[in-house]
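Trainee: Using only what follows, build the 3D model:
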Amino acid sequence: MRWNGGGVRLPPKPSYESRIWNWLRERKDFVKDVKSSTSQVSDRFCCDRIKSHTNKAMKLSRLTPSFLTFLTIILAMLLVVLATLQYQWVGQVSQSEHERLHGNLILDMIHFAEDFDREITRVFITFQMNAAPLEQGNWTEIVDRCRLWQKTAPYPNLVQEVYVVRSTTSNQLRLFRYDQNLDIFTESPWPHPMKELRNRFEEQLRVVTSHSEQILTFAVPAIAEEIPALVVPLSTIQYRGDGRGLEFTQAFGYTVVTLNQDCIKRELIPTLAKRTLNLNNDTGYQMTVVSRKNAQDLIYQSHPQARFTSATGDASYHIFSVQFTKFSNLLRETQLLSRNFTQSGTGPEPPVSVSLLKQATGETFVGAMPPINDENGRWDVVLKHSAGSLEAMVQRTRRRNLFLSFGVLTVLAVSLAVTLVATKRAQHLAEQQMAFVAGVSHELRTPLSVICSAADNLAVGVVAKPERVVKYGETIRREGLRLTEMVEQVLEFAGVQSGRKSYSMQPVDVGQLIGSALLSIGPLLKEQGFQLETRIDEHLPLIMGDYSALERVLQNLLTNAMKYSGDSRWIGLTVQTENNSTPHILLTVADKGMGIAREELPYIFDRFFRGRGAKEFHIRGSGLGLTLVKHIIEAHGGKIEVTSRVQEGSQFQIALPITSEPVETQEIENLSAKF
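Mentor: Numbers count the residues shown, from 1 in each chain. Sure, this is the predicted structure:
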């Protein structure tokens, strides 16, 4: 007994062992309180930081779409304005291009007509004869002209026949033809094509003989289109020495030069068209030459389908005329100037300047030849684009330019839409990543807290009983495995994303694979009271695959079935062989839990995706499991499908191709009895 100084009885003093036990008890409570408070502080601190970052991300995601929407509207309006301006600009450019092409086409046709008429005029000038020698019976000069043409003309075959028409003293017409073989002119009967021309000559002869004066009104045109031929009048040309130049006096008679139509069609027109119109350079134009008198009279066509008139073509111009404006130059080219006149007077012969006067002054004309006005052209050369018309070609080009322009604008619009969609997906992915970080942080913190608390209690001796030490050890091992599995899942996902993840393919016994997966997850099934019902075919064939990866697939599906089973404690596992067009192993994992909403089914294999049920019921997870499952299955050449109904359960089916002969399946059909 213990007494104090006032005689009051005191309680007995505790023994040394009691004080140690009380100290340990207080220490245990202290450790528990400290760990609990520390965990609470840590949880609040981590949660506050994660919530702060999440709130910032959400604010940014709320602000960014508004800005992107505004920017998208502005860019869309700019695209519409640009498209409108582009349409107007292309129209203006097409109109200018049409005018330019039509102007160039007309200019090229003018050059073609000038070159063609130049050759016709060359023939006319070459066979312009002085009548004086013929009146004396001297045919040497005209024979020389025929020889000179054959030697010096650019197109010697252009002249087919040369005739001379003379009148007798009894006013009868005689026709002389140049015989190239004999090199002389012989009298010839009138050819049938010259019947109409003969009538004109006879009418003109009657007019001349009925007047005492010489009349220079020629009724015969310079071009007889129906033959075709050139009609060159004979004249007496004398040089006057008194400075009056050339004296021109008409004498009745004509040189008729018939033209070779084959040479015109096959040589003259194609050569000139090639040189001036570039029809051989794939310009797209077709060419037709028709008579102006009768549009149905086709002279030449560059293509069998090229048959059109000046009214239906893109551009036309007249040809086949005698161009007197080129007379002086052609005289010098043909070297005939010094032969076309005789001297009458005294003094030296001055250089002759040949000029053309189209107005008559009595019976005498100053010039090199009679003023026969025949420059209007007898034929029309017509060009038309092979597209139907020049306007059609320009419109086709315009449509092509519009198509290209709007194609570029469409690409810009599609790029804008793709950028907008990609931005929204990136925002959504950023939100999922934030949620993933928060979830993984929570998942990592929970096992770490449990492991640290249990380790501290064991370290300070709070837990002394062997059975409790074993229990603490099992807790540490279970949480450590959970932590390891989570880290491996994150690392595997990182490898998949980087593209460096590879699998070691080798023959895999499906039965052994299933047995290994069930043995590793069996304690968890038994601890939570699940009933595993298995139906596995015998003699399952081998498949090629990565054993550990396929085992993780099966473990992930079974773990998900456990987490989302709700109040149900049933899980089904079926493995069978399907021998259709592509033989494969069909593995099915089913549960009767909460199920998956229909609108969420297309997204359950997306990374970081977590369904509404997982969030409402706070089911732990990172949103990576099914993503990795699908990647592994597809890497093995298989496919995975899911069917589910809310509150009725889910069913995952995996199809893996068979690549080897069947083997004896392990006895695993009764494994469910162990769980």
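
Trainee: hey, which helix or strand in the protein has the poorest pLDDT?
Mentor: None of the helices or strands of the chain scores lower by mean pLDDT, DSSP states H and E than strand 342-344, at a mean of 40.

Trainee: partner strands of the next helix or strand along the chain from that strand, parallel or antiparallel?
Mentor: Proceeding C-terminally, strand 342-344 gives way to strand 379-385 as the next helix or strand, assigned by DSSP states H and E. Applying DSSP bridges to the sheet, strand 379-385 is found paired with strand 285-291 (antiparallel), strand 315-319 (antiparallel).

Trainee: Which one of those lies nearest to R535?
Mentor: With C-beta to C-beta, the closest approach to R535 among the strands paired with strand 379-385 belongs to strand 285-291: 80.5 Å. Bear in mind the C-beta positions are built from the backbone N, C-alpha and C, glycine included.

Trainee: what comes up buried for the closest one?
Mentor: By neighbour count, with 16 or more other C-beta atoms under 10 Å as the criterion, the buried positions of strand 285-291 are Y285, Q286, M287, T288, V289, V290, S291.

Trainee: what packs against the very next helix or strand once past that strand?
Mentor: Past strand 285-291, further along toward the C-terminus, the next helix or strand under DSSP H and E is strand 298-301. Strand 298-301 is packed against strand 285-291, with contacts defined by 3 or more C-beta pairs under 8 Å, 6 or more residues apart in numbering; DSSP states H and E.

Trainee: Dump the strands paired with strand 379-385 into a markdown table; add distance to Q651 and mean pLDDT as well.
Mentor: Putting the strands paired with strand 379-385 into a markdown table (distance: least, C-beta to C-beta, whole Å; pLDDT from 0 to 100) gives the following:
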| stretch | distance to Q651 | mean pLDDT |
| --- | --- | --- |
| strand 285-291 | 72 | 91 |
| strand 315-319 | 78 | 91 |
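
Trainee: Can you check which of those strands gets nearest to S453?
Mentor: For the strands paired with strand 379-385, distance to S453 was read as C-beta to C-beta. The smallest value, 95.1 Å, belongs to strand 285-291.

Trainee: What are the boundaries of the helices in this structure?
Mentor: Taking DSSP state H as the test, the helices found in the chain are 16-126, 131-135, 140-152, 195-209, 261-263, 269-276, 327-334, 390-459, 466-498, 510-527, 547-563, 612-616, 625-635.

Trainee: could you dump those helices to JSON lines with mean neighbour count and mean pLDDT?
Mentor: As requested, the helices of the chain are exported to JSON lines (neighbours: other C-beta atoms under 10 Å; pLDDT from 0 to 100):
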{"stretch": "helix 16-126", "mean neighbour count": "14", "mean pLDDT": "68"}
{"stretch": "helix 131-135", "mean neighbour count": "17", "mean pLDDT": "80"}
{"stretch": "helix 140-152", "mean neighbour count": "14", "mean pLDDT": "90"}
{"stretch": "helix 195-209", "mean neighbour count": "15", "mean pLDDT": "86"}
{"stretch": "helix 261-263", "mean neighbour count": "13", "mean pLDDT": "94"}
{"stretch": "helix 269-276", "mean neighbour count": "17", "mean pLDDT": "91"}
{"stretch": "helix 327-334", "mean neighbour count": "16", "mean pLDDT": "61"}
{"stretch": "helix 390-459", "mean neighbour count": "15", "mean pLDDT": "80"}
{"stretch": "helix 466-498", "mean neighbour count": "14", "mean pLDDT": "76"}
{"stretch": "helix 510-527", "mean neighbour count": "18", "mean pLDDT": "86"}
{"stretch": "helix 547-563", "mean neighbour count": "21", "mean pLDDT": "89"}
{"stretch": "helix 612-616", "mean neighbour count": "14", "mean pLDDT": "76"}
{"stretch": "helix 625-635", "mean neighbour count": "19", "mean pLDDT": "88"}
